[in-house]
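In: Quick one: sequence and predicted model below, then my questions.
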Amino acid sequence: TLDGDGGAILISGVIGANHAIATLEINNADTADDGTITLHGIGNTAAGAAATDIGNSSTALLDLAGTFFTGGDTTYESKAGEFIDITSTSTIKTGSSAGHDITFSTGEIDISDNKNLTINSGTGDITLVNIHGDGTNSTSTTTLDIDGATITVKEIGNSAVKDEIGSITIDGTTKVQLNGAIYTGGASNTVTITGATELATGTILIDTTDGNGAVTLDGTVDGARDLDIISGTGLAKITGNIGTSTALLSLDMNAVDTADDTGGVTLEGNIGVGTTSGTTPGVGVVNLGNTATTAAITLSGVSYNTSGAVTLDSAGGYSISGTTSDGTTIVTSGDAVTFGTSTSTADVTVGEKPFAIDTDTTGSSGGAITFYGDIIGATAGSGNTAADVTLDAYDATVTLEGIGANGASEVNEINDISVTGGTIVLDGIYNATGITGDAAGITFTGAVQLAGDVTVDSDVTGTTIDGNISFSSTVDDDGAGGTTSNLVVKSGAGTVEGT
C-alpha cells in the first residue's frame, strides 16, 4: 500500500517485474489524497500484482505508460475530467482466462497523440470511462484494442476533433454495451465491434466520416435507443440480427444527405422476429443510404419487421437475397416502404429467391410501397429462376417502375408477380417468366392507374409455361401531362381476366 497523503507518487521502475506482490493499493483508501500518480508498469510476461486499486476520485492525475499486468480485479481512478493519461503505447490486462475485471472510474482517459492502448480482461469484464486523444496531430494513428467478456463503453473520441482516435476494435465475448458516441478520424479509422451489441444510453452515434473508415458491428444489436452510423465513403455493416430481443427506436446508416457520404450499407441478419405487422418488430424507423450514396445497399436477411417507415436510397442500387429458400420479406406496421427518390432511380436486384413487402399483414391500414427503379433478377436468362415478387400495401398506394425488365428491355429473371394496393400506379414493363412445371402469373389486386406506357407480359415464347394475368379492378390512365398511356397485355396460352 502506498499512501502519498496528497503528495505525488512516482514509480520509475516496473512493479512486480521480478517477483509478483500480493494486493496493490496506491492512494486508494482516502479521497483526501489528491496527489498525482505516475507508473511505468506492473508485471511483465506474468502478473506483477494481484487485486489492484490505483487512485481515487480526487487523484489529480494518473499517468500510465507501459504494460500493466495484474492478477486480480483492478481499478484505475482519477478525479473527474481527462486525468487518466496514457503517455506511451500501453497494454492494460488481467490475463486471457483468469476472469478478473478491469474498471476505470470517475476520470476520463486521455491518450497521447499516435500512442496506442490495448485493454484485455480475458474472461473478465471491462468498464470504461470516456476516452479521448490529444488531437494535436491531424493524421493521428492512435488505436484502441479492447477485449473482454462484458465491455461497458462510454464516449470515445471527440465530435469537434474527430481524429483524436484512429481505429477501434472492441471484442466482447458476452456483450458490448454502448453508452455514448464514437468518433474516429485519420488514416485507417475503422470501427469494428464484435459480439452482441447493447445500446444502453442516449442516441448512439458512430461517426468515421473524418477518414471514411468502415464500420462493422459483427453480431446482434439490441436496445431501445436510436442508432446512427455514418462512415463517409466507407461501408457500414451489421452482420447479426437487429432488435430481436429489444427493439431499437430507429436505425440510420449512412443516411446523412451530404456529398461526401457515399458509402454503402449491408445488413446480413434480420430485423425483429417473424413477418406479422405489429408483432415483434425490431426497429421503429429505418433509413439506409441517402441521395449521395453511390455504393450498393445489400439486404441478406430473411425478414425485416419494423414498426415504422423503411427508406432506402442509393444510386449504387440495391441487392436483396435472403439466406434461405424463403428469400426476403419486409414487413411494417402500416408504414411506407420506399426504394429511391425521383432523382435516385437505381434498380433493385433480387436473388433467385422470393422477395416480398407487406405493409399491413393484419388487414387494417397499409403503408405506401414505392419503387423509383426497376425490380430485376440477379441472373439474367437463367433457367431456374425462383424470384417471386409479392408487394402488398393493402389499401395504400403501390407505385412501380418495371418488374422483370431493365428499362425497355425484358429480362427473364422474375417468376410470379403479385401486387395489391388501393391504387396501383404502373409505368414500365411487367414481365413474368415461368420455369418448367411452373407457369408464372401476374396479378394486380386493386385499381390500376397508368402513369406511362405499360406492358404486362407472361408470354414465354416457345414454351408451354405462359402464365395467367389478372386485373381485379379498374384500369385507367392517370390523366397527367395531357397524354394518354398505352397498355399492352400478352399472356400467350395463359388467360387474361378482368373484373
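Out: Good, I have the coordinates. Just so it is clear, the model here is predicted, and its values are computed rather than measured. Residues are numbered from 1 along each chain as shown.

In: For the stretch 251-400 of the chain, give me the ranges with low pLDDT.
Out: Along the stretch 251-400 of the chain, the model assigns pLDDT under 70 to residues 380-386.

In: How many residues are close by residue 322?
Out: By other C-beta atoms under 10 Å, 21 other residues sit near residue 322. Placement of C-beta: from N, CA and C, glycine included.

In: Please apply the same query to residue 165.
Out: Neighbourhood size, residue 165 [other C-beta under 10 Å]: 29.

In: could you measure it against residue 21, distance?
Out: Plainly put, residue 165 is 33 Å away from residue 21 if you go by C-beta to C-beta, to the nearest Å.

In: what does residue 280 give?
Out: Relative to residue 21, and taking C-beta to C-beta, residue 280 is found at 53 Å.

In: again, but for residue 87
Out: Distance of residue 87 to residue 21, given as C-beta to C-beta: 24 Å.

In: excluding its backbone neighbours, what's nearest the residue most central in space within the chain?
Out: In the chain, the centroid-proximal residue (C-alpha atoms, centre = their mean) is residue 238; its distance is 4.1 Å. Take residue 238 and drop its neighbours on the chain: the residue closest to it by C-beta to C-beta, 6 or more residues apart in numbering is residue 217, 4.6 Å away.

In: That neighbour: neighbour count?
Out: 27.

In: Give the other helices and strands that the helix or strand containing it contacts.
Out: For residue 217, the host element (DSSP states H and E) is strand 215-218. Helices and strands touching strand 215-218, by 3 or more C-beta pairs under 8 Å, 6 or more residues apart in numbering; DSSP states H and E, are strand 191-194, strand 236-238.

In: Now these in TSV, please, with extra columns for distance to residue 73 and mean pLDDT.
Out: Shown next, in TSV, are the helices and strands packed on strand 215-218 (distance: least, C-beta to C-beta, whole Å; pLDDT from 0 to 100):
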stretch	distance to residue 73	mean pLDDT
strand 191-194	24	98
strand 236-238	33	98
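
In: can I assume residue 481 sits in a strand?
Out: No - using DSSP: H, G, I helix; E, B strand; the rest coil, the secondary structure at residue 481 is helix, not a strand.

In: Count residues in the vicinity of it, would you?
Out: Neighbour count of residue 481, defined by other C-beta under 10 Å: 9.

In: Tell me the confidence at residue 139?
Out: Looking at residue 139, its pLDDT is 59.

In: Backbone dihedrals for residue 21, both of them.
Out: phi -100, psi 170 (degrees, to the nearest 10).

In: what residues are up against it?
Out: 15, 48, 49, 50 (C-beta atoms under 8 Å, 6 or more residues apart in numbering).

In: got it, and residue 334?
Out: When contacts are counted by C-beta under 8 Å, 6+ apart, residue 334 touches 277, 359, 360, 364, 365, 366, 367.

In: Can you select the buried ones from these in ChimeraX?
Out: Selection command for ChimeraX covering only the buried members of those, criterion 16 or more other C-beta atoms under 10 Å:
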select :277,359,360,366,367
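
In: Any idea what residue 391 is bridged to?
Out: residue 357, residue 419 (DSSP bridges).

In: Could you check how many residues crowd around it?
Out: Residue 391 - counted by other C-beta under 10 Å - has 23 other residues nearby.

In: ok, now residue 19?
Out: 6.

In: so residue 244 makes contact with residue 223?
Out: No - Residue 244 is beyond contact range of residue 223, at 11.5 Å (criterion: C-beta atoms under 8 Å).

In: and residue 164, what are its phi and psi?
Out: When read as degrees, to the nearest 10, the backbone of residue 164 gives phi -60, psi -30.

In: What score does the closest residue in space to residue 179 that isn't next to it in sequence have for pLDDT?
Out: Nearest residue to residue 179, sequence neighbours excluded (C-beta to C-beta, 6+ apart): residue 201, at 4.0 Å. Looking at residue 201, its pLDDT reads 95.
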